[in-house]
Structure formats: C-alpha cells, structure tokens
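> Build me a model:
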Amino acid sequence: MMTINANASEMVTGRAASTSLRLTRLGHCGVRAVAAVVGLLAVTELAWGADLSTPPLAPVPYSWSGLYIGLNAGYTSAKVTETASGGGGTASANLPGGIGGFQFGANYQTGALVLGVEADFDGTMTTKSVTGTGIAGTAQMPWIGTLRGRVGYAFDRILLYVTAGGAATQLVSTVNVGAIGSASTTFTHGAWTAGGGVEAAITEDLSARVEYLYVDTGNFFVAQVGPPVVTVTGRVQDNLVRAGVNYRLPVAW
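Numbering: from 1, shown residues only. Purely as a prediction, here's the structure:
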C-alpha cells in the first residue's frame, strides 16, 4: 500500500516538475515573442516617421504682377520724308542718334500669361539735313513718347512680350522749296507703334530688358510756302532699340 502511494507521489511530483519546466519554457518564449513584437513595432514606427517627414517646399514661382517705374537708353534711326505738292519735289533724311528716358507701367499675371500697360517718354539727339529734288531743309526730333499695351508669356523669371499702341513725336523742320520760298515749323504728330522684347528678373523687385519698337506717323502736314502755294507733307518712320531697368513698387496689387 505504501509502495503504491510512493509511486503515485513520485508520478505526481514528476508531472509537476515537467509542467513547471514547460511553463518556464513557455515564459521564456513569451518574453522573446513580446520583445520581437516590440522591436518590430519600433522599427515600423521609425520607418513611418521617415516616410511621413515633411518634404522640402517647392520654390515659389516669380510673379510679374505689380506697378513699376524704370529708365531706358538706346539708339533710334528715324527716316523723315518730305514731299511738296504739285510736283515740287521730294526729300528725305535718316536721323540716327541716341535716345534715353523713363517708363512706368503695370502688369497683371494669371498663370503664365502677363498682361500690362506702359507709358514712356524719351529725349532724342536726332538732327539731320533733308535733301532731295526741288526741296531741302533740316529736320530734328527732340522727343518721342508712347502709350502701349503689352501681352507676354512668362517662363518664371524670363518674360517674352509683344507690345502695340499709340505714340507721339515732335518734328522741328525747316523747308526750302526751290525759288518758291521756305518755312520753319514745329509740330507734334501722333503715330502708331508696335514691337516686342524680353525682360529678366534680377531680384524680386528689379528687372532688366531689351526691346524694339517701330513708330510710324503716316503722312502729316508740315508747312505751306509760296505763292504759288505749295503744301509740304511729311512722314516719320522710326526704329528704336532700347535697354532698360524696371523697379517694382512695393504697392499691394
């Protein structure tokens, strides 16, 4: 009887020890599993944190919108043609010279399209003798001004544009028509103008440009001499090439 009980006790003790060993092993495995899960979560969180980091900001596109003022200087080559009525003769002259002045205007940009308006005033140094058949004299253009619209396409800080509008120029003229007589006149004449250019932004507020303009007055009255009365008409065709700088005013637009 005691032997049976002893054997039973040993079996129970053996089973308990085996169970305890298994639980110990399971505990070690559980700790390892928990540690592995915690490590995996930490690595995943670091990876997510790296992926969700704030990307670098893209550069803000340059805007041409705003009011501006500027200075310009360049070269003008005007052709002056004078014609006396009744076959009295025709004379012409090319008036090359320097040109310089100021401009002011405004731009509005939507997308890459830039719309603008500009006015300018330039003094010139163009004086020349006018010679031809039956008519002679001198011609001088003291100044020229324009008022134009502009339409451009912006490649960020580079602006290509075309322009057209009205112009005005003054012609100081002395006319001699053979033996009939002479006259000295000073007139301001309207004209039309068209051209184009390219402008580049140097800083946020300063830009530089080069442009070409063609100016044409059409035929206009110059003077009358006589008797017999002879009417002299003229025409100015001007080519302007100018470089300039513009400063954008700090005004809300």
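
> Pass me the low-pLDDT residue ranges in the stretch 51-200 of the chain, would you?
Applying pLDDT under 70 to the stretch 51-200 of the chain flags residues 51-56.

> redo that, cut-off 80
By pLDDT under 80, the low-scoring segments of the stretch 51-200 of the chain are 51-59, 86-88, 125-127, 179.

> show me the contacts for Asp122.
Asn72, Ile99, Gly100, Gly101, Trp143, Ile144, Gly145, Leu240, Arg242 (Cβ atoms under 8 Å, 6 or more residues apart in numbering). Placement of C-beta: from N, CA and C, glycine included.

> What helix or strand is it located in?
strand 113-133 (DSSP states H and E).

> Specify the next element, helix or strand, located C-terminal of that strand.
strand 135-155.

> buried set for that following strand?
135-141, 144-146, 148, 150, 152, 154 (16 or more other Cβ atoms under 10 Å).

> Work out for me the element Thr186 sits within.
Judged by DSSP H and E, Thr186 forms part of strand 181-201.

> Listing partners with orientation, what would you give for the strand holding Asp122?
strand 89-110 (antiparallel), strand 135-155 (antiparallel) (DSSP bridges).

> in that strand, what's buried?
Buried residues in strand 113-133 (16+ other Cβ under 10 Å): Val114, Leu115, Gly116, Glu118, Asp120, Asp122, Thr124, Thr126, Lys128, Val130, Gly132.

> The fifth one and Gly196, how far apart?
Distance check for Asp120 against Gly196: by Cβ to Cβ, to the nearest Å, it reads 15 Å.

> now the first one
Taking Cβ to Cβ as the measure, Val114 and Gly196 are separated by 13 Å.

> So which residue is dead centre in this protein?
Leu159 (3.1 Å; Cα atoms, centre = their mean).

> Please name the residues that touch that one.
Contacts of Leu159 (Cβ under 8 Å, 6+ apart): Trp64, Val114, Gly152, Tyr153, Val198, Glu199, Ala200, Ala201, Ser207.

> so the third one sits right up against Gly116, yeah?
Pointing back at Gly152 there. Yes: contact criterion Cβ atoms under 8 Å: Gly152 and Gly116 qualify, at 7.1 Å.

> what residues do these two have in common as contacts?
By Cβ under 8 Å, 6+ apart, the residues touching both Gly152 and Gly116 are Trp64, Asn107, Tyr161.

> measure the first one to Thr110 for me?
With the distance defined as Cβ to Cβ, Trp64 ends up 10 Å from Thr110.

> Counting neighbours, go ahead and name the busier of those two.
Higher neighbour count among Trp64 and Thr110: Trp64, with 23 against 8, using other Cβ atoms under 10 Å.

> now the more buried one, what's its secondary structure?
coil (DSSP: H, G, I helix; E, B strand; the rest coil).

> Contacts only, for it.
Here Trp64 is in contact with Asn107, Gln109, Val114, Gly116, Gly152, Ala154, Leu159, Ala201 (criterion: Cβ under 8 Å, 6+ apart).

> Go through the residues you listed and name the one nearest Gly226.
Gly226 has its nearest neighbour among these in Gly116, at 48.3 Å by Cβ to Cβ.

> what are the bridge partners for that closest one, then?
What pairs with Gly116, by the bridge criterion (DSSP bridges), is Asn107, Arg150.

> so it sits right up against Gly149, yeah?
Yes: here Gly116 reaches Gly149: they are 7.2 Å apart, a contact under Cβ under 8 Å.

> Please tell me how far the nearest residue to Thr83 once chain neighbours are set aside sits from Thr133.
Nearest residue to Thr83 in three dimensions, chain neighbours excluded: Thr90, at 4.7 Å (Cβ to Cβ, 6 or more residues apart in numbering). For Thr90, the distance to Thr133 equals 6 Å [Cβ to Cβ].
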